[in-house]
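Colleague: output the structure for:
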Amino acid sequence: MDVKIPTTVNVDLANERRKGNINILELTHFLDGGEEKTNERKDLENFFLSDGQFLDKIPADYLSHKEKYEIAVEKSCMLFRKIKEYQERKGTGSSVSLFSSVLGGMLGSALIKNSTPFSLHYVMFLPTILGQASEDQQYHWLTRAWNFEILGTYAQTELGHGTFIRGLETEAHYDATNEEFVLNSPTLTSFKWWPGGLGQTCNYAIVVAQLHTQGKCHGIHPFIVQLRDEETHMPLPGIKIGEIGSKLGMNTVNNGYLGFKNVRIPRANMLMKNAQVLKDGTYVKAKNEKLTYGTMIFVRVSLVKNVAAAFLAKAVTIATRYSAVRRQSQMKPGEREPQILDYKTQQYKLFPAIATSVALRFSADWLWDIYNSVNADLDRGNMEGLPELHAMSCCLKAVSTSDAANFIEICRRSCGGHGYMNSSNFPNTYGMVTAAETYEGENTVLYLQTARFLIKAWNQLKSGSSVTSTVSYLNQHNAARSKYSHSLDSLLTAYQQVSAGLIRVSAEMIDSKTRSGMSPEDAWNQASILLVQAAEAHCRAFIVETFIKVLRTAPLSPALLSVLSQLCELYAIFFLLNSSGNFLLHSNVNSPADIAQIQSRLVQLLEEFRPNAVSTVDAFDIRDEILDSPLGAWDGNVYERLFIEANKSPLNQEPVNRSFHTHIKPFLRSNL
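Modeller: Numbering: from 1, shown residues only. Purely as a prediction, here's the structure:
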């Protein structure tokens with residue numbers, strides 16, 4: 001059957017667009033940060049996506065692991081040349097932000113489906129040099145890296161240790177006689193494990209290792225290490241290197257393992273912007289050891305916006321458009337099958353996901369602004385903002401990646417069997433996001449890092465000291481509970497009360513356990529479930545507060561303000577009902593009657609937002625090439641696109657597969 005895609009838009013989807021009362025372009029500009037930013041993004045997308053050399057000749061699902069990698073390398077080289085061409089066209093110099101925009105977000109996923117093995121060169125290798133290398137080191141290494149003379153990665157995580165980086169086992173012993181560091185992997189668990197591009201791609205790495213000099217260990221420090229010969233690409237002596245194998249997703253990142261046996265590097269290869277080792281082996285301590293964590297904070301900040309919020313937006317766009325096109329069952333006997341978007345259960349799956357994507361985007365913008373501000377302060381020697389930035393980057397990374405992964409899976413299931421197909425792009429999208437729940441800090445561990453900041457703030461408050469802005473609501477923890485009312489302010493108060501209540505209960509439990517003779521470490525472990533809940537509650541209170549601030553400060557039309565207010569309230573109510581026990585215990589939502597009213601309001605919000613569902617995801621302005629899904633294409637011609645995708649299977653290129661003659665036919669005639 002010869003199937004072609006109609007030139008017209010699906011009638012149901014066209015009707016949905018007529019129902020909406022918001023200015024789609026207004027919302028697009030607002031989410032992008034202004035009309036100029038939208039135009040810049042569109043120009044970037046047009047430049048890369050209009051180039052046919054990035055089109056797949058065969059869908060990646062039908063290729064071997066090795067073939068996928070080799071094509072990804074070929075495309076990556078084309079992509080880097082294309083980026084240089086774009087820079088020359090725009091008259092701009094090399095920029096980490098440009099490479100991050102192309103490689104690290106949704107555009108990159110459209111060009112190279114399972115991610116590029118070059119990504120860590122620009123996402124981590126270069127930012128680490130910029131943040132932790134001395135001026136002389138920056139001049140040497142950045143010149144080589146920008147000119148594509150070398151490809152680098154960032155090797156921190158080991159087979160036996162990940163988030164607990166103080167426990168890393170790789171050793172770098174300083175030999176003062178030769179002014180060299182000697183690197184060793186003393187155990188199997190000390191092998192570096194997971195760095196992207198490490199397997200077969202990169203020839204240099206920033207290696208995080210335990211620094212030993214003059215008989216003393218000074219903790220982890222970063223070193224630039226050559227891994228492969230620049231001419232032959234063969235591993236250098238003492239280097240044991242390879243790929244770790246196939247994964248749930250991101251299978252062309254070329255994640256690798258790395259071990260050392262008496263590998264010598266010059267003293268100058270230790271990054272020395274902060275701590276230093278002098279020629280005689282004298283160790284000069286950094287002004288603040290936390291400065292060495294700058295790269296991880298940078299990546300966490302990027303993950304919230306470029307991965308969690310962005311890929312969730314992709315998933316809800318696909319699922320919402322499909323739900324407008326798909327008709328299923330009969331709500332009333334004899335009537336036409338309704339759009340599944342009309343079912344309240346479907347709305348409950350999708351609309352909170354839309355609200356979450358928008359909420360995460362606003363919080364990501366705040367986090368990015370604070371990151372840049374604190375980074376500027378650090379350059380001036382002011383480190384006051386670092387603890388708060390670290391705490392918020394930890395919990396926002398954890399909440400955003402967890403929420404995005406959960407909602408992407410909900411979006412997949414909301415599309416029924418078609419969502420299970422690889423061509424829907426849900427599996428690849430889920431694989432990209434759920435990976436982020438672990439890398440750059442496992443989420444539970446990150447919650448506990450935020451919890452340390454919160455407990456410290458609580459104790460400061462008890463002693464009469466002031467606290468920073470993100471925890472200033474703790475000043476009201478003793479205030480009398482006001483009666484809950486249906487307003488954003490009342491919801492925000494409830495969230496802050498829950499966070500304060502969980503912080504208080506956690507602190508009191510730790511205090512009680514330690515006063516009874518338990519060690520502080522064991523007391524912390526006993527309270528860790530509450531501490532994780534406190535960190536998540538703190539983060540959600542922050543997300544709600546940020547959303548409300550945006551609504552009250554941004555110049556929005558009445559129609560758009562109304563829709564975004566619905567999404568803000570929907571976000572707050574959805575997660576309130578998911579944790580109703582804590583709200584009943586700690587907040588002004590303190591009765592079953594309050595919960596019943598909130599449940600009714602949830603259904604009402606779904607009804608109010610329904611006419612603008614498709615318009616809202618349209619305003620995310622994600623091109624079909626980036627969505628890469630027959631279910632979510634702008635024209636809504638789902639079934640024709642699904643049929644065309646199915647016929648790309650190699651098994652459909654011949655009417656009879658050879659296995660019929662070699663196995664099936666003899667089997668059928670064998671009579672067993």
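Colleague: so what's residue 20 up against?
Modeller: 611, 612, 614, 615, 616 (C-beta atoms under 8 Å, 6 or more residues apart in numbering). Where C-beta positions appear, they are placed from N, C-alpha and C, glycine not excepted.
Colleague: low-confidence ranges in the chain?
Modeller: 1, 92-97, 104, 288-295 (pLDDT under 70).
Colleague: care to break it down by domain?
Modeller: Structurally, the chain divides into domains by automatic domain parsing as follows: 123-286, 295-466+488-618.
Colleague: okay, those domains in TSV with mean neighbour count next?
Modeller: Converted to TSV, the domains of the chain look like this (neighbours: other C-beta atoms under 10 Å):
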stretch	mean neighbour count
domain 123-286	19
domain 295-466+488-618	20
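Colleague: wait, which of these is closest to residue 475?
Modeller: Residue 475 lies closest, by C-beta to C-beta, to one member of the domains of the chain: domain 295-466+488-618, at 7.0 Å.
Colleague: now do the helices in the stretch 501-650 of the chain.
Modeller: In the stretch 501-650 of the chain, the helices defined using DSSP state H, counting those that start in this stretch lie at 520-526, 528-553, 558-578, 580-586, 592-609, 613-619, 624-627, 638-646.
Colleague: run through who's touching the shortest one.
Modeller: Which is helix 624-627. For helix 624-627, the external contacting residues (C-beta under 8 Å, 6+ apart) are 45, 49, 106-107, 109-110, 314, 317-318, 425, 632-634.
Colleague: do stretch 639-659 as well
Modeller: Here stretch 639-659 has contacts from 1, 3-6, 58-59, 62, 418, 421, 423, 630-631, 633, using C-beta under 8 Å, 6+ apart.
Colleague: nearest to residue 101, of these?
Modeller: For these, the closest approach to residue 101 (C-beta to C-beta) belongs to residue 633, at 23.9 Å.
Colleague: the closest one: neighbouring residues, count only.
Modeller: When neighbours are defined as other C-beta atoms under 10 Å, residue 633 has 22 of them.
Colleague: for this structure, which helix is longest?
Modeller: Taking DSSP state H as the criterion, the chain has its longest helix at helix 344-379.
Colleague: quick one: that helix to helix 592-609, angle?
Modeller: 90 degrees (axes from the mean of the first three to the mean of the last three C-alpha atoms, to 10 degrees).
Colleague: will you turn the domains of the chain into TSV that also has distance to residue 661?
Modeller: Below are the domains of the chain laid out as TSV (distance: least, C-beta to C-beta, whole Å):
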stretch	distance to residue 661
domain 123-286	31
domain 295-466+488-618	28
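Colleague: which one of those domains lies closest to residue 41?
Modeller: domain 295-466+488-618 (11.5 Å).
Colleague: which residues touch stretch 100-110?
Modeller: Stretch 100-110 has contacts (C-beta under 8 Å, 6+ apart) with 44-45, 48-49, 79, 83, 111, 115-116, 118-119, 122-123, 302, 306-307, 310-311, 314, 428, 432, 622-623, 625-626, 628.
Colleague: span of that stretch from start to end?
Modeller: Terminal residues of stretch 100-110 lie 14 Å apart, using C-alpha to C-alpha, to the nearest Å.
Colleague: please state the offset of it from the chain centre?
Modeller: 12 Å (C-alpha atoms, centre = their mean, to the nearest Å).
Colleague: also stretch 241-248?
Modeller: Relative to its parent chain, stretch 241-248 has a centroid offset of 21 Å by C-alpha atoms, centre = their mean.
Colleague: cool, and stretch 112-131?
Modeller: For stretch 112-131 - counting by C-alpha atoms, centre = their mean - the centre lies 14 Å from the chain centre.
Colleague: kindly report the same for stretch 525-542.
Modeller: For stretch 525-542, the distance to the chain centre is 20 Å (C-alpha atoms, centre = their mean).
Colleague: ok, back up a step: and residue 25, which of the domains of the chain is closest to it?
Modeller: Counting by C-beta to C-beta, residue 25 lies closest to domain 295-466+488-618 out of the domains of the chain; the figure is 9.9 Å.
Colleague: show me what contacts residue 541?
Modeller: Contacts for residue 541 (C-beta under 8 Å, 6+ apart) come out as 473, 492, 495, 496, 498, 499.
Colleague: so residue 254 touches residue 194, yeah?
Modeller: No. The pair residue 254 and residue 194 does not pass the contact test of C-beta atoms under 8 Å, sitting 11.0 Å apart.
Colleague: who touches both of the two?
Modeller: If you check residue 254 and residue 194 against C-beta under 8 Å, 6+ apart, no residue is contacted by both.
Colleague: tell me where the stretch 151-300 of the chain has helices.
Modeller: Assigned by DSSP H, counting those that start in this stretch, the helices in the stretch 151-300 of the chain fall at 294-302.
Colleague: can you give me the strands in it?
Modeller: Taking DSSP state E, counting those that start in this stretch, the strands of the stretch 151-300 of the chain run over residues 152-155, 171-175, 180-184, 192-193, 204-213, 216-226, 239-243, 256-260, 263-266, 276-277, 283-284.
Colleague: so which elements touch the last one?
Modeller: Counting contacts by 3 or more C-beta pairs under 8 Å, 6 or more residues apart in numbering; DSSP states H and E, the secondary-structure elements packed against strand 283-284 are strand 276-277.
Colleague: note down every partner strand of the strand it packs on and its orientation.
Modeller: strand 283-284 (antiparallel) (DSSP bridges).
Colleague: who touches the strand it pairs with?
Modeller: By C-beta under 8 Å, 6+ apart, the list of residues contacting strand 283-284 from outside reads 211, 213, 214, 216, 218, 275, 276, 277, 278.
Colleague: mind checking how far residue 139 is from residue 145?
Modeller: Distance, residue 139 to residue 145, by C-beta to C-beta, to the nearest Å: 11 Å.
Colleague: what does residue 523 give?
Modeller: Using C-beta to C-beta, residue 523 is found at 46 Å from residue 145.
Colleague: same check on residue 42?
Modeller: In terms of C-beta to C-beta, residue 42 sits 29 Å off from residue 145.
Colleague: isn't residue 78 up against residue 48?
Modeller: No. Residue 78 lies out of contact with residue 48 (C-beta under 8 Å); the separation is 10.2 Å.
Colleague: compare these two (neighbour count), which wins?
Modeller: Between residue 78 and residue 48, counted using other C-beta under 10 Å, the more crowded position is residue 48 (19 against 15).
Colleague: what strand or helix carries that one?
Modeller: Per DSSP states H and E: residue 48 is located in helix 35-49.
Colleague: list the buried residues of that helix.
Modeller: 38, 41, 44, 45, 47, 48, 49 (16 or more other C-beta atoms under 10 Å).
Colleague: residues touching the closest residue in space to residue 266 that isn't next to it in sequence, list them.
Modeller: Leaving aside its sequence neighbours, residue 266 sits nearest to residue 180 (C-beta to C-beta, 6 or more residues apart in numbering; 6.0 Å). By C-beta under 8 Å, 6+ apart, residue 180 lies in contact with 174, 264, 265, 266, 267.
Colleague: if I look at the last one, how far off is residue 22?
Modeller: Computed as C-beta to C-beta, the residue 267 to residue 22 distance reads 60 Å.
Colleague: the fourth one now?
Modeller: Applying C-beta to C-beta, one obtains 60 Å for the distance of residue 266 from residue 22.
Colleague: what of the third one?
Modeller: According to C-beta to C-beta, residue 265 stands 58 Å off from residue 22.
Colleague: with distance to residue 222 added, can I get the helices of the stretch 501-650 of the chain in JSON lines?
Modeller: Below are the helices of the stretch 501-650 of the chain laid out as JSON lines (distance: least, C-beta to C-beta, whole Å):
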{"stretch": "helix 520-526", "distance to residue 222": "28"}
{"stretch": "helix 528-553", "distance to residue 222": "28"}
{"stretch": "helix 558-578", "distance to residue 222": "38"}
{"stretch": "helix 580-586", "distance to residue 222": "41"}
{"stretch": "helix 592-609", "distance to residue 222": "48"}
{"stretch": "helix 613-619", "distance to residue 222": "42"}
{"stretch": "helix 624-627", "distance to residue 222": "34"}
{"stretch": "helix 638-646", "distance to residue 222": "45"}
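Colleague: residue 199 is nearest to which of these?
Modeller: Set against residue 199 and scored by C-beta to C-beta, the helices of the stretch 501-650 of the chain come closest in helix 624-627, at 26.9 Å.
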